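This is a predicted model, with the sequence first.
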Amino acid sequence: QVQLVESGGGLVQAGGSLRLSCVASGSIFSINAMGWYRQAPGKQRELVAAVTNGGSTNYADSVKDRFTISRDNAKNTVYLQMNSLKPEDTAVYYCNAARYYSTSLQYDYWGQGTQVTVSS
């Protein structure tokens with residue numbers, strides 16, 4: 001089992017910045033990718049950004065050049081730096097820790113979510 005605890009959400013004006021943090025604990029040796037997803041009211045959960053153990057990153061087109069995902073392996077923490085925030089970034093943001101075999105998802109874990117609200 002892996003436990004994920006997110007922090008850093010809040011209310012910010014458009015154009016502002018926030019940094020989300022996700023601390024992982026438990027059987028993290030089994031995890032080879034971590035990421036952030038978000039879900040806005042009435043919409044499906046979507047991938048925002050992900051990073052593999054090897055450091056490869058992947059971003060949704062809507063956040064490229066504005067958001068940066070990073071990880072601190074010594075602290076078992078993954079971060080999402082969000083700059084130039086827009087009202088459409090408003091959502092609950094979830095941390096995800098996953099185990100992939102090649103490109104197939106074997107299993108994953110989710111945090112409880114943190115609310116990000118961007119006012120216009």
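Sure, I can see it.

Longest strand in the protein, please.
If you go by DSSP state E, the chain has its longest strand at strand 91-101.

in it, what's buried?
Across strand 91-101, burial judged by 16 or more other Cβ atoms under 10 Å covers Ala91, Val92, Tyr93, Tyr94, Cys95, Asn96, Ala97, Ala98, Arg99. C-beta here means a position set from N, CA and C on the backbone, and glycine is covered the same way.

Pipe those residues into TSV and attach pLDDT and distance to Leu11 per row.
Putting the buried residues of strand 91-101 into TSV (pLDDT from 0 to 100; distance: Cβ to Cβ, whole Å) gives the following:
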residue	pLDDT	distance to Leu11
Ala91	98	13
Val92	98	13
Tyr93	98	13
Tyr94	98	18
Cys95	98	20
Asn96	97	24
Ala97	97	27
Ala98	95	29
Arg99	94	34
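
Kindly reformat those residues as a markdown table containing distance to Gly15.
Shown next, in a markdown table, are the buried residues of strand 91-101 (distance: Cβ to Cβ, whole Å):
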| residue | distance to Gly15 |
| --- | --- |
| Ala91 | 17 |
| Val92 | 21 |
| Tyr93 | 18 |
| Tyr94 | 24 |
| Cys95 | 25 |
| Asn96 | 27 |
| Ala97 | 31 |
| Ala98 | 32 |
| Arg99 | 37 |
